[in-house]
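1. Give the three-dimensional model of this entry:
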Amino acid sequence: MADLDYPEINPANELEKRVADAFLIFDHHSNKTIDVREVGTILRFLGCVPTEADVNEVISATEFEDSNGTVHLSKFLPYVSQLIAEHKLEPAPPEKLLKAFRVLDQEGKGFVDREYMTKLITEEGEPFTAEELEEMMAVAVDMATDKIPYENYLNQLLVDF
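-> Numbers count the residues shown, from 1 in each chain. Sure, this is the predicted structure:
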């Protein structure tokens, strides 16, 4: 479809400008469209922490039926701007993450075994991909002990955000 088939896009505020700018980074054809496979990447680029179900929901809400797997900025911009404005898809607060690790650390030792954590995050809930697991373990695991000292790990995450 030609770009003329879509409404003019004028970001109304700083949030919309940020969303539009992020979208346009991934617009490889300069026609205000992206491949649906870029949606998760853009959301994460914007600081969101979506599940795969969240990404699929955004795709369903913003993909044009006749677009062959593309999303146009005119649908993406208002939908994602509203999600961000409503504080959806934000990362869990550090206190909640610490509480979760303490539940896993039933003996209160301050660490979780790498093997135990790997089993949990690859077999329970929404499993990590091999790449996500590798990225997490590279940062989280103390190589000398092969354990995850979770308070140190959470502090590293906070520095990255």
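2. Could you chop this structure up by domain?
-> In the assignment given by the TED database, the structural domains of the chain cover 14-86, 94-160.
3. and these as TSV, adding mean pLDDT and mean neighbour count?
-> Where you see a C-beta, it was placed from the backbone N, CA and C, and this is true even at glycine. TSV is the format used below for the domains of the chain (pLDDT from 0 to 100; neighbours: other Cβ atoms under 10 Å):
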stretch	mean pLDDT	mean neighbour count
domain 14-86	93	16
domain 94-160	93	13
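4. what ranges do the helices span in the chain?
-> Secondary structure of the chain (DSSP state H): helices located at 14-25, 39-45, 52-62, 73-85, 94-104, 114-123, 130-140, 150-160.
5. just so I know, which of these lies nearest residue 31?
-> Comparing the helices of the chain by their distance to residue 31 (Cβ to Cβ), the top pick is helix 73-85, with 9.4 Å.
6. Can you give me the first-to-last residue distance of stretch 80-92?
-> Across its full length, stretch 80-92 reaches 19 Å end to end, with Cα to Cα, to the nearest Å as the criterion.
7. Any idea how far that stretch is from the middle of the chain?
-> 11 Å (Cα atoms, centre = their mean, to the nearest Å).
8. So which residue is dead centre in this protein?
-> Taking Cα atoms, centre = their mean, the centroid of the chain lies closest to residue 49, which sits 3.2 Å from it.
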